[in-house]
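Asks: Sequence first, predicted coordinates after that:
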Number of protein chains: 2
Amino acid sequence: MAQSKHNEYLPGYKPSQVIHHEWRTAENSAGYLLPTLRSMREKNPKLQFLDVGAGSGTISVGFAQHLPEGEVTVTDLSGEILRRAEGFAAAAGLQKKNMKFQQANAYELPFPDASFDVTHCHQMLCHMDAPSDALREMLRVTRPGGVVAARESDLATQCIWPESPGLRRFFEVTEGIFKVAGTCWTGGRQLLSWALKAGATRDQIQAGFGTWRFTALEDKNVWATAMAERIRNGEMRKKGVELGLITHDDQVEEMATAWEEWAKQDDATLGMLHGEIIIQK
Amino acid sequence: MAQSKHNEYLPGYKPSQVIHHEWRTAENSAGYLLPTLRSMREKNPKLQFLDVGAGSGTISVGFAQHLPEGEVTVTDLSGEILRRAEGFAAAAGLQKKNMKFQQANAYELPFPDASFDVTHCHQMLCHMDAPSDALREMLRVTRPGGVVAARESDLATQCIWPESPGLRRFFEVTEGIFKVAGTCWTGGRQLLSWALKAGATRDQIQAGFGTWRFTALEDKNVWATAMAERIRNGEMRKKGVELGLITHDDQVEEMATAWEEWAKQDDATLGMLHGEIIIQK
């Protein structure tokens, strides 16, 4: 259960690199869990909720809003990003209300067995060498009668229109960098298999697929701006050069501009599948 | 507007080739439209609904059930499949109630301008040479204040787990056959662009993505049985051989068995993105 089993979260945590994380809400990224949360809350308004690897915590804030009498404990391996999450909670007026923050390793959660009613993660498992060990640990800290919920993007299903040489290069470079960093490119489709390896039985698991969609102008702008920034100024550019995937500055500008041009077009769309599971403990 | 602009619906219409079409329901294949339908029905219970290229009509039956005081007109280019649709309507007790059937070419719908409140198609446009001409025709027969709704699979996003050599070969062969037949492999992501080419403006169009998901045992069985049958006994096998994509009988059996084995596995999942649009006329 060594921390070394974590893989690198490659884009890093600079504000410019995580701005698009903050587009994520409980509604657009955890909609599959909300009906379960509502029905559990009706029976027990004081639900204890654990958000694992919560990054900048915008989804966690949504959960806290859905659980006014409950409590959301927000964890991440990075103290740096957790401070940003605290900022979001403060801005939503929830930090000293029903949200708590604690730095934690998802493989060794610092909580006793059966501490939480709901344990959740989003787009975390694909960054780990042993995703089923993390799910097993999430099951451990969840109470019998509670649920573990997880959602993973299936990056291989990203589909964008219209295409352009710059966007094609961006996806090739990103895939190359993420694969070297150990990120699973097909996590969405594997999520159910990870849950079974973690010890859940098939009849405990509800499994499905959901989407991310970028079709409205404001959503496209957030995403395109973030991708252009990542490739122009972030760790992604550095890694791409190191790995020989980027050999000229012109390529960087071609990729960044391709995103900016894409977002302006009326017919531009981007979609992506996510695997979604709810494990009944 | 010649019929020749239609591309071949390659799998053909034998019952063994369309059995998995009948898995489709308004709920699992047109969920994005149902809230709009409900709110339109509240204002006008007698909605006139046109289903274009409706195939065996199981989705149309669902619409008719949602519109007990309305009327659903079901069309397809094939009279053969339309008779099968009539059988489904009869079995649901709706044939002589609020469903009508009429053979029709989607490029030249046999209806006056502004005849319908809702005009719908599902997985039809990707089989056509000129999808935006069909959408323009659907807009023509729709009343001002009504909507045109379309959903297209994005076949390139099919994601299956676990993989096997037989499944990989199946997807390669299918892609090869469909592409030769002129089927668009990336229709989901292009749907919005087709609507704009059909003359709709961006602010008339709600665009998103939805999924098909095969994770429950019964859904996986329907799909796997249909795919195995297609490749063992259908037009797909014949075309695959003609195109040199299938060179040995062993390959057929490998592909068919791979589907049957896949469906039995607890961790088996299959997902696929669909583009979805609602155009406000």
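Replies: Okay, I see it. Only a predicted model underlies this, so the values are computations on that prediction, with no experimental measurement involved. Numbers count the residues shown, from 1 in each chain, chains lettered A, B, ... in the order given.

Asks: which residues touch A:D117?
Replies: A:D117 makes contact with A:M40, A:N44, A:L47, A:Q48, A:F49, A:G70, A:T142, A:R143, A:G145, A:G146, A:V147, according to C-beta atoms under 8 Å, 6 or more residues apart in numbering or on different chains. Where C-beta positions appear, they are placed from N, C-alpha and C, glycine not excepted.

Asks: In the stretch 1-150 of chain A, mark out all the strands, start to finish.
Replies: Secondary structure of the stretch 1-150 of chain A (DSSP state E, counting those that start in this stretch): strands at A:48-52, A:71-76, A:99-103, A:116-122, A:142-153.

Asks: Could you dump those into CSV and include distance to B:A156?
Replies: CSV is the format used below for the strands of the stretch 1-150 of chain A (distance: least, C-beta to C-beta, whole Å):
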stretch, distance to B:A156
strand A:48-52, 32
strand A:71-76, 34
strand A:99-103, 40
strand A:116-122, 25
strand A:142-153, 16
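
Asks: if we can go back for a sec, of all the contacts of A:D117, which comes closest to chain B?
Replies: Nearest to chain B among the contacts of A:D117 is A:V147, at 16.8 Å by C-beta to the nearest C-beta.

Asks: Chain B contacts on chain A?
Replies: When proximity is defined as C-beta under 8 Å from any C-beta of the partner chain, chain A approaches chain B at A:154, A:156-157, A:159-162, A:186, A:188-190, A:192-193, A:196, A:202, A:207-211, A:213, A:215, A:266-267, A:269, A:271-273, A:275.

Asks: And those residues, which of them are buried?
Replies: Neighbour counting by 16 or more other C-beta atoms under 10 Å in any protein chain shown classes A:154, A:156-157, A:159-161, A:186, A:188-190, A:192-193, A:196, A:207-211, A:213, A:215, A:267, A:269, A:271-273, A:275 among the residues of chain A next to chain B as buried.

Asks: Looking at these, which are in strands?
Replies: If you go by DSSP state E, these have A:159-161, A:207-211, A:213, A:269, A:271-273, A:275 in strands.

Asks: from those, which two are the most distant?
Replies: The most widely separated members of those are A:W161 and A:A207, with 28.2 Å between them, by C-beta to C-beta.

Asks: buried ones in stretch A:100-108?
Replies: Buried, per 16+ other C-beta under 10 Å, within stretch A:100-108: A:F101, A:A104, A:N105, A:A106, A:Y107.

Asks: can you pull the contacts of the fourth one?
Replies: A:A106 makes contacts with A:H6, A:V52, A:G53, A:T75, A:L77, A:C121, A:M124, A:M128, A:A134, A:E137, A:M138, as judged by C-beta under 8 Å, 6+ apart.

Asks: redo that, cut-off 7 Å
Replies: A:V52, A:G53, A:L77, A:M124, A:A134, A:E137 (C-beta atoms under 7 Å, 6 or more residues apart in numbering or on different chains).

Asks: mind giving me a markdown table with these and columns for distance to B:G62?
Replies: As requested, the contacts of A:A106 are exported to a markdown table (distance: C-beta to C-beta, whole Å):
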| residue | distance to B:G62 |
| --- | --- |
| A:V52 | 39 |
| A:G53 | 40 |
| A:L77 | 46 |
| A:M124 | 37 |
| A:A134 | 40 |
| A:E137 | 43 |
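
Asks: from those residues, which is closest to chain B?
Replies: Ranked by distance to chain B (C-beta to the nearest C-beta), the contacts of A:A106 are led by A:A134 at 17.1 Å.
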